[in-house]
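Novice: what's the 3D shape of this:
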Amino acid sequence: MSGKLIVLLFIISLFLVGCSKQENRKIESGKYRAELSTAGGKLPFYFEIKSNDGINTANLLNGAETVKIDKVHIWDDSLKLYLPAFNSTIEAMKSDSGLIGNLTLVKANAVLQVIPLRAEQNINYLFFPNPSNDIDVTGRWSATFTEDDGTIYPAVGEFHQNGSDLTGTFLTPTGDYRYLEGQVKDSTIYLSTFDGGHAYLFKARLNKSGKLNGGYWSGLYYHESWTAFRDKNAKLPDPDKLTYLKKGYTRFNFSFPDLNGKMVSLSDKKYKGKVVIVTLAGSWCPNCQDEAAFLTPFYNKFHSKGLEMIALMFENYKDTARAVAQIKRFRDKFNIKYDLLLAGTNDKDLASKKLPMLNKVLAFPTTIFIDRKGRVRKINTGFSGPGTGEHYIQLTDEFTRFVEKLLSEK
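Specialist: Next up, the predicted model:
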């Protein structure tokens, strides 16, 4: 065999080995267990990648919720997932053990949080491969959360434990923490959620007196401590009494631009003699997304009977063009037909200044019910979404009955 032929065969073998290695480093379809590195420790969640006829899609598997991701880019050994409406992204590359990369969250005032991420396939546990069931926290708990600046607020925890597996949520005066999922190990509960825009981690140890003591972390930095004790009668303040019109005000009004820049006000002819629901919302807000998923079919059903809706959107971007683009993504995700106005940025104090007739904007969403005569009949603070189970059913039933009553009035 000639020297030239030997060299040629050697080059071909290197090429084939390189192709084989490249093939092995391609992003694979299937289910992944991911971990985010937060100040509270590892925050786990699941996602899956699907490929059908060359079209890639992905889903977040967030407890009982599946969040569809339509925009998926895969280049051999790397991927980028665009998380719907929240404007967050996951970027990762193939590694020897799975995927390694970052989650980028867009927070208030367009501040970015870049959180390290790792993901592996063929892992069937969320937190621990060997959890325990030495405690059972199933039931209703009266909880108190304390922010790092000393601010205290009440909450109600509802948990269901099956062996060592744990699901549940927290309800607060301003909304709920949606679908939480986790495990129990060594008298400690671990819960997490990631819905595309918010990454939450909860830990708490059950002491001998039956009290839970632990911490809550959101995103890369935010932290609160919390305690809870069993209380089957635990409840929150009435959400219809937290936000109200100040003395001296008899009407709720505003003037904000729509997505084309046209100014819109409640005094416009379009809303005369109509029942109007105004919601203070933001595309970044998970409870607002739960509310939008409910309001869209509700509006489609009752619009012909005299119902109008307006969402005052308070976004993470100060730049108008970027804020409007984000609202359009929110609109398209839920196929919203009611009016969406750009009201300001994600800041409750600024929102309060823009709506001086309210005692204070305490939460996104806040929903104002206005009758055919233009009178404010009710203001509801927060929204208990489908992750709260029976509370969501109760809220939507009451919502429907109340609006039907308003519509029946002449």
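Novice: Just list the residues touching the most centrally placed residue in the chain, thanks.
Specialist: The structure's the chain has its C-alpha centroid closest to Pro286; by Cα atoms, centre = their mean the separation is 3.0 Å. Pro286 sits next to Gly175, Arg178, Asp195, Gly197, His198, Gly385 when contact means Cβ atoms under 8 Å, 6 or more residues apart in numbering. Where you see a C-beta, it was placed from the backbone N, CA and C, and this is true even at glycine.
Novice: Return the distance of stretch 159-166 from the chain's centre.
Specialist: Centroid displacement of stretch 159-166 relative to its chain, using Cα atoms, centre = their mean, to the nearest Å, is 23 Å.
Novice: Kindly report the same for stretch 240-260.
Specialist: Centroid separation between stretch 240-260 and its chain, computed with Cα atoms, centre = their mean, is 25 Å.
Novice: Now for Lys235, how many residues are close by?
Specialist: 11 (other Cβ atoms under 10 Å).
Novice: ok, how many other residues are close to the spatially closest residue to it that is not a sequence neighbour?
Specialist: Closest residue to Lys235 apart from its sequence neighbours, by Cβ to Cβ, 6 or more residues apart in numbering: Val156 at 6.7 Å. When neighbours are defined as other Cβ under 10 Å, Val156 has 21 of them.
Novice: Please, which helix or strand holds Val156?
Specialist: Assigned by DSSP states H and E, Val156 belongs to strand 152-162.
Novice: hang on, the earlier thing: residues in a beta bridge with the residue nearest to Lys235, which ones?
Specialist: Assessed by DSSP bridges, Val156 has beta-bridge partners Ser142, Leu171.
Novice: ok, it touching Ala143?
Specialist: Yes: Val156 is within contact range of Ala143, at 6.6 Å (criterion: Cβ atoms under 8 Å).
Novice: Now do the shared contacts for the two.
Specialist: Phe170, Ala234.
Novice: Can you name the residues in contact with the strand holding Val156?
Specialist: Looking at what lies outside strand 152-162 - Cβ under 8 Å, 6+ apart - the contacts are 133, 136-147, 166-174, 184, 189, 212, 226, 228, 234-237, 388-389.
Novice: Okay, buried residues for that strand please.
Specialist: Buried positions in strand 152-162, judged by neighbour count with 16 or more other Cβ atoms under 10 Å: Tyr153, Ala155, Val156, Gly157, Glu158, Phe159, Gln161.
Novice: hang on, the earlier thing: turn the contacts of Pro286 into JSON lines, columns for pLDDT, secondary structure and neighbour count.
Specialist: Below are the contacts of Pro286 laid out as JSON lines (pLDDT from 0 to 100; DSSP: H, G, I helix; E, B strand; the rest coil; neighbours: other Cβ atoms under 10 Å):
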{"residue": "Gly175", "pLDDT": "94", "secondary structure": "strand", "neighbour count": "24"}
{"residue": "Arg178", "pLDDT": "95", "secondary structure": "coil", "neighbour count": "24"}
{"residue": "Asp195", "pLDDT": "92", "secondary structure": "coil", "neighbour count": "22"}
{"residue": "Gly197", "pLDDT": "88", "secondary structure": "coil", "neighbour count": "22"}
{"residue": "His198", "pLDDT": "89", "secondary structure": "coil", "neighbour count": "19"}
{"residue": "Gly385", "pLDDT": "96", "secondary structure": "coil", "neighbour count": "27"}
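Novice: mind giving me a markdown table with those and columns for distance to Asp319?
Specialist: What follows is these, written out as a markdown table (distance: Cβ to Cβ, whole Å):
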| residue | distance to Asp319 |
| --- | --- |
| Gly175 | 27 |
| Arg178 | 29 |
| Asp195 | 25 |
| Gly197 | 19 |
| His198 | 22 |
| Gly385 | 29 |
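Novice: of the residues you listed, closest to Gly98?
Specialist: Closest to Gly98 out of these is Asp195 (22.0 Å), distances taken as Cβ to Cβ.
Novice: which one is Gly41 nearest to, not counting chain neighbours?
Specialist: Leu201 (6.9 Å).
Novice: per-residue confidence at that neighbour?
Specialist: At Leu201, the model reports a pLDDT of 98.
Novice: pretty sure it is in a strand, no?
Specialist: Yes: the assignment for Leu201, made by DSSP: H, G, I helix; E, B strand; the rest coil, places it in a strand.
Novice: what about the helices in the stretch 201-350 of the chain?
Specialist: For the stretch 201-350 of the chain, the helices defined by DSSP state H, counting those that start in this stretch occupy 286-302, 320-334, 348-354.
Novice: Tell me the bridge partners for Pro257.
Specialist: Here Pro257, judged by DSSP bridges, has bridge partners Met263.
Novice: Report how many residues lie close to it.
Specialist: The tally of other residues near Pro257 (other Cβ under 10 Å) stands at 14.
Novice: Next, the contact list for it, please.
Specialist: By Cβ under 8 Å, 6+ apart, Pro257 lies in contact with Met263, Val264, Leu341, Leu342.
Novice: Now, of these, which are buried?
Specialist: Val264, Leu341, Leu342.
Novice: What is the nearest of these to Asp290?
Specialist: Taking Cβ to Cβ as the measure, Leu341 is the one of the buried ones among the contacts of Pro257 closest to Asp290, at 20.2 Å.
Novice: Once you drop chain neighbours, what's closest to that closest one?
Specialist: Phe256 (4.1 Å).
Novice: residues touching that neighbour, list them.
Specialist: Met263, Val264, Leu312, Leu341, Leu342, Ala343.
Novice: Can you give me the separation between the residue nearest to Gly41 and Gln394?
Specialist: Taking Cβ to Cβ, to the nearest Å as the measure, Leu201 falls 28 Å from Gln394.
Novice: More neighbours: these two, which one.
Specialist: It is Leu201, of Leu201 and Gln394, that has more neighbours when counted by other Cβ under 10 Å, with 25 against 12.
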